[in-house]
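*Asks:* Build me a model from this:
(one chain, ligands or ions: 2)
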Amino acid sequence: RHVLRPRRPAARAAPVVAVLLLLSGCGDAGVDGTPGAAGLRDPYFPKLGNGGYDVTHYDLALAYDPKTRRIDATAELTATATQDLSAFNLDLAGLTVRAATVDGAPAAVRRAGKELTLRPRADLDKGEVFRTRIVYSGVPETVTDPDGSEEGWLPTADGALAVGEPTGSMAWFPGNHHPSDKATYTVTLTVPAGLKAVSNGRPVSERTADGRTTTVWNSPEPMASYLATVAIGTFRTHTGSVRAGTSAGLPVVTAIDPSAADAEADALLARIPELLDWQAENFGPYPFSAAGAIVDRPGDLGYALETQTRPVFPRTAFDTATLVHELAHQWYGDSVTPESWRDMWLNEGFATYAEWLYAEDFEDTPAQDSFEDAFADEANWAFPPAEPPSAENISDAPVYGRGAMVLHKVRRAVGDDAFFALLRGWAAKHRHANASTADFTAYAETVAGESLDEIWDVWLYGDGKPRSPED
Ligand code: ARG
Ligand code: ZN
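*Replies:* Ligands and ions are numbered 1, 2, ... in the order given. Prediction:
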């Protein structure tokens, strides 16, 4: 179980910067650029992401034909070199790269597995901002996760759905696909007229010409690539608004497949503004400039996902608890994003705790009862939440249920006032950024004003089940 890493304090994931310095130190020394690393050494997905640069913006334009299931696409990335670079990698699974440029000049292209290497005509200097444009096409892949679920590009009866946790986004655009490199996005989708094309963020424009509809979406706040989504189909869309602790109202764009729509689903969609207002009271101001949800047919997707601003649900998973869960992820996961895939409990523990808070506020079920139920559930005791044994376990029960139990133990230790201040303070401190488990334990101890080692040792890192929920 502990082969992945030693325990705290050495357990803290090496900061990405240190890894990059180490890697760049292994190459040719001197003034010449060296190739950027092919991966960021994530403890579960070591090849995800790439070293030597930091993407600040993705401008993606995709045309999709549901008949051939092909995309024809262009990705333009704005990035900053974090070292002198002779070449750099992007993650891309499948698809054919037709052409690539760096700052307008053709770049040499090499493909090896899921690594795309671009060699610009001239080296890039450390600190330099550059633009790279990749023209690509083909039938995007559906990726099977280590845990057997499906992600990537999922063709549906009338369109497609793109979901990317943890590694699926490389199936539809080249990028630095590790959660530690967040960027803003513009997504332009062209589809046959009559279909809707929905993505993350604010709707910018929609126009139809020559039998094709082009829709533009903009995400002005940073997003991890696994949270990018595309939903193409005969959706029924609706635009409302919400304050959610912000001074200006935000657009709430929902899309539902007509065959998935019924009175219950419509009533739940209509509750999104109210739920976001409630969460903003508990978690602090909603972190993004748009909100919403996408509900597709059962069978198109096996699970719900907290895609940024606009979580996606198969109709079968579109219920109150799951909606509360995915909306809570907007603060915990999407705005405050894990530093590595080992920190997944920071996503799922908080989102599960949001369900417990909903039950407490709306259903007369104290969080203590939810905690005791979770304690009694043997599935939650397979491994400690901060140390999933392997990549196939990062979405398993302990990451959710036992992650939420950790938060409840902190609440019991510090009291309600300090705990709700912690929920808000954590979201504010790492807003639009990344955070690790070590960042969380240090922050919680600052709020508590004392060591919480006993909680971390037993509930976060301990093997096996404590004798009693009071341990
Ligand atoms: N993060 C999603 C949620 O908690 C679940 C994703 C499941 N994905 C998977 N590969 N098992 O809402
Ligand atoms: Zn979740």
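*Asks:* gap between Thr214 and Arg424?
*Replies:* Going from Thr214 to Arg424 by Cβ to Cβ, to the nearest Å gives 40 Å. C-betas here are computed from N, CA, C, even on glycine.
*Asks:* so how many other residues sit close to the residue lying closest to Thr237 once chain neighbours are set aside?
*Replies:* Of all residues not flanking Thr237 in the chain, Ala255 sits nearest, at 4.7 Å (Cβ to Cβ, 6 or more residues apart in numbering). Neighbour count of Ala255, defined by other Cβ atoms under 10 Å: 21.
*Asks:* Compute the distance from the centre of the one helix or strand Ala255 maps to to the centre of its chain.
*Replies:* Using DSSP states H and E, Ala255 sits within strand 250-256. In this view, strand 250-256 has its centroid 19 Å away from the chain centroid, taken as Cα atoms, centre = their mean, to the nearest Å.
*Asks:* Can I get the helix or strand following it in PDB, CA atoms only?
*Replies:* Next along the chain after strand 250-256, taking DSSP H and E as the criterion, comes helix 263-270. Coordinates of each C-alpha in helix 263-270 appear next as PDB, following Å, rounded to 0.1, in the frame of the first residue of the first chain:
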ATOM      1  CA  ALA A 263     -41.000  17.300 -14.800                       C
ATOM      2  CA  GLU A 264     -38.600  16.100 -12.200                       C
ATOM      3  CA  ALA A 265     -35.500  17.000 -14.200                       C
ATOM      4  CA  ASP A 266     -36.900  20.400 -15.100                       C
ATOM      5  CA  ALA A 267     -37.700  21.200 -11.500                       C
ATOM      6  CA  LEU A 268     -34.200  20.300 -10.500                       C
ATOM      7  CA  LEU A 269     -32.600  22.400 -13.200                       C
ATOM      8  CA  ALA A 270     -34.700  25.300 -12.000                       C
END
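*Asks:* just the angle between helix 263-270 and strand 250-256, please?
*Replies:* 160 degrees (axes from the mean of the first three to the mean of the last three Cα atoms, to 10 degrees).
*Asks:* Distance from the chain centre to the next helix-or-strand element following helix 263-270, please.
*Replies:* Using DSSP H and E, the helix or strand that follows helix 263-270 in sequence is helix 272-283. Relative to the centre of its chain, helix 272-283 is centred 20 Å away, using Cα atoms, centre = their mean.
*Asks:* tell me what helix 272-283 is packed against?
*Replies:* Here helix 272-283 touches strand 236-242, strand 250-256, strand 291-296, helix 320-328, helix 345-362, helix 416-429, going by 3 or more Cβ pairs under 8 Å, 6 or more residues apart in numbering; DSSP states H and E.
*Asks:* which other residues reach that helix?
*Replies:* 240-246, 252, 254, 286, 291-293, 323-324, 327-328, 331-332, 354, 357-358, 361, 420, 423-424, 427 (Cβ atoms under 8 Å, 6 or more residues apart in numbering).
*Asks:* Apply 6 Å and report the result again.
*Replies:* If you take Cβ atoms under 6 Å, 6 or more residues apart in numbering as the criterion, helix 272-283 is touched by 242, 244-245, 252, 286, 327, 331, 423, 427.
*Asks:* same check, this time on stretch 456-467
*Replies:* In this structure, residues lying in contact with stretch 456-467 by Cβ under 6 Å, 6+ apart are 381, 384, 386, 405-406, 409, 441, 471.
*Asks:* Quick check, the residue in the stretch 301-450 of the chain closest to ligand 1?
*Replies:* In the stretch 301-450 of the chain, the residue that lies nearest ligand 1 is Ser395 (3.6 Å; Cβ to the nearest ligand atom).
*Asks:* so how far is Glu264 from the spatially most central residue of the chain?
*Replies:* The residue lying closest to the centre of the chain (Cα atoms, centre = their mean) is Leu227, at 3.7 Å. Computed with Cβ to Cβ, the distance linking Leu227 and Glu264 is 27 Å.
*Asks:* repeat for Lys409
*Replies:* 35 Å.
*Asks:* again with Arg411
*Replies:* Taking Cβ to Cβ, one finds Arg411 at 32 Å from Glu264.
*Asks:* swap in Ala63?
*Replies:* 35 Å.
*Asks:* quick one, which of the two is more surrounded?
*Replies:* Ala63 (18 against 12).
*Asks:* Could you point out the bridge partners of that one in the sheet?
*Replies:* Going by DSSP bridges, Ala63 is paired in beta bridges with Asp72, Thr190.
*Asks:* Touching, it and Thr190? I think so.
*Replies:* Yes. Contact criterion Cβ atoms under 6 Å: Ala63 and Thr190 qualify, at 4.0 Å.
*Asks:* Redo the contacts of helix 272-283 as CSV? Include neighbour count, pLDDT and distance to Ala81.
*Replies:* Formatted as CSV, the contacts of helix 272-283 follow (neighbours: other Cβ atoms under 10 Å; pLDDT from 0 to 100; distance: Cβ to Cβ, whole Å):
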residue, neighbour count, pLDDT, distance to Ala81
Val242, 21, 97, 39
Ala244, 27, 96, 37
Gly245, 17, 96, 37
Val252, 22, 98, 38
Tyr286, 24, 98, 34
Leu327, 25, 99, 37
Trp331, 27, 98, 32
Leu423, 24, 98, 37
Ala427, 21, 98, 31
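*Asks:* Can you say which two of these are spatially most distant?
*Replies:* Distance extremes for these: the farthest pair is Val252 and Leu423 at 22.7 Å, using Cβ to Cβ.
*Asks:* Would you mind listing what in this structure touches ligand 1?
*Replies:* The chain has residues 145, 147, 149, 165, 303-306, 325-326, 348, 395 near ligand 1, with proximity defined as Cβ under 6 Å from any ligand atom.
*Asks:* quick one: which of those is nearest Glu221?
*Replies:* Lowest distance from Glu221 to the residues of the chain next to ligand 1 (Cβ to Cβ) belongs to Glu306, with 14.5 Å.
*Asks:* That closest one and ligand 2, how far apart?
*Replies:* Distance of Glu306 to ligand 2, given as Cβ to the ion, to the nearest Å: 6 Å.
*Asks:* what's around the closest residue to that residue other than its chain neighbours, how many residues?
*Replies:* Leaving aside its chain neighbours, Glu306 sits nearest to His329 (3.3 Å; criterion: Cβ to Cβ, 6+ apart). Using other Cβ under 10 Å, His329 has 23 neighbouring residues.
*Asks:* I'd say His329 and Leu305 touch.
*Replies:* No. The pair His329 / Leu305 is not scored as a contact, 8.7 Å apart, by Cβ under 6 Å.
*Asks:* Which stretches in the stretch 351-471 of the chain count as strands?
*Replies:* Using DSSP state E, counting those that start in this stretch, the strands of the stretch 351-471 of the chain run over residues 433-435.
*Asks:* Nearest to ligand 2: which residue in it?
*Replies:* Ligand 2 sits closest to Ala351 of the stretch 351-471 of the chain, with a gap of 4.2 Å, by Cβ to the ion.
*Asks:* residues in contact with that residue?
*Replies:* 325, 328-329.
*Asks:* and with 10 Å instead?
*Replies:* Taking Cβ atoms under 10 Å, 6 or more residues apart in numbering, we find Ala351 in contact with 306, 322, 324-333, 400, 403-404.
*Asks:* do Gly349 as well
*Replies:* 332, 385-386, 398-408, 440, 460.
*Asks:* and Glu128, how many neighbours?
*Replies:* Number of residues near Glu128 (other Cβ under 10 Å) recorded here: 15.
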